[in-house]
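Visitor: kindly return the folded structure for what I paste below:
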Amino acid sequence: QVQLVESGGGLVQAGGSLRLNCAASGRTFRTYAMGWFRQAPGKEREFVAAITWIGGTTYYADSVKGRFTISRDNAKNTMYLQMNSLKPEDTATYYCATSSILTGTAGQYDYWGQGTQVTVSS
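Guide: Numbers count the residues shown, from 1 in each chain. Model (predicted):
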């Protein structure tokens, strides 16, 4: 079992920045990659970014490339999502998750956090 806890969400104006955190605990040694997804009301869950735990290879959705940066701190078992130049369309609940491969497909992630709300006002 892996437990994931997201934090760092909040309300920000368009153009602003936020940093999301995802703290992992439990059997994290089995995790190859971690990712961020988001879901807005009435919409499907959408891939945002992913990173391998070893090596730090990253993968981004086109919609966030150049604005968001994913990173991890192995010593702290924590993954981050630095979000800059935020837009109202970035408003969603953001979730972190673990996977055995580096992928943007939600179905290939096994453990999920409870989510943290990000609201971007125009």
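Visitor: for V64, see how far away P88 is.
Guide: The gap separating P88 from V64 is 14 Å, by Cβ to Cβ, to the nearest Å. Every residue, glycine included, has its C-beta placed from N, CA and C.
Visitor: hang on, I meant Y95
Guide: 15 Å.
Visitor: what helix or strand does the residue nearest the centre of the chain sit in?
Guide: A centroid search over the chain (Cα atoms, centre = their mean) returns W36, at 2.3 Å, as the residue closest to the centre. Per DSSP states H and E: W36 is located in strand 33-39.
Visitor: cool, and G104?
Guide: Counting by DSSP H and E, there is no helix or strand that carries G104.
Visitor: which parts of this protein are strands?
Guide: With strands called from DSSP state E, the chain shows them at 2-7, 10-13, 18-26, 33-39, 46-52, 58-60, 68-73, 78-83, 92-99, 109-112, 116-121.
Visitor: hmm, who's touching the second one?
Guide: If I follow you right, that is strand 10-13. L18, L86, Q117, V118, T119, V120, S121 (Cβ atoms under 8 Å, 6 or more residues apart in numbering).
Visitor: okay, the residue lying closest to R67 once chain neighbours are set aside: pLDDT?
Guide: In space, R67 comes closest to S85 once its chain neighbours are excluded; the distance is 4.7 Å by Cβ to Cβ, 6 or more residues apart in numbering. S85 is assigned 98 on the pLDDT scale.
Visitor: S85: neighbouring residues, count only.
Guide: Neighbour count for S85, taken as other Cβ atoms under 10 Å: 13.
Visitor: buried residues of stretch 12-19, list them for me.
Guide: Within stretch 12-19, the residues scored as buried using 16 or more other Cβ atoms under 10 Å are V12, L18.
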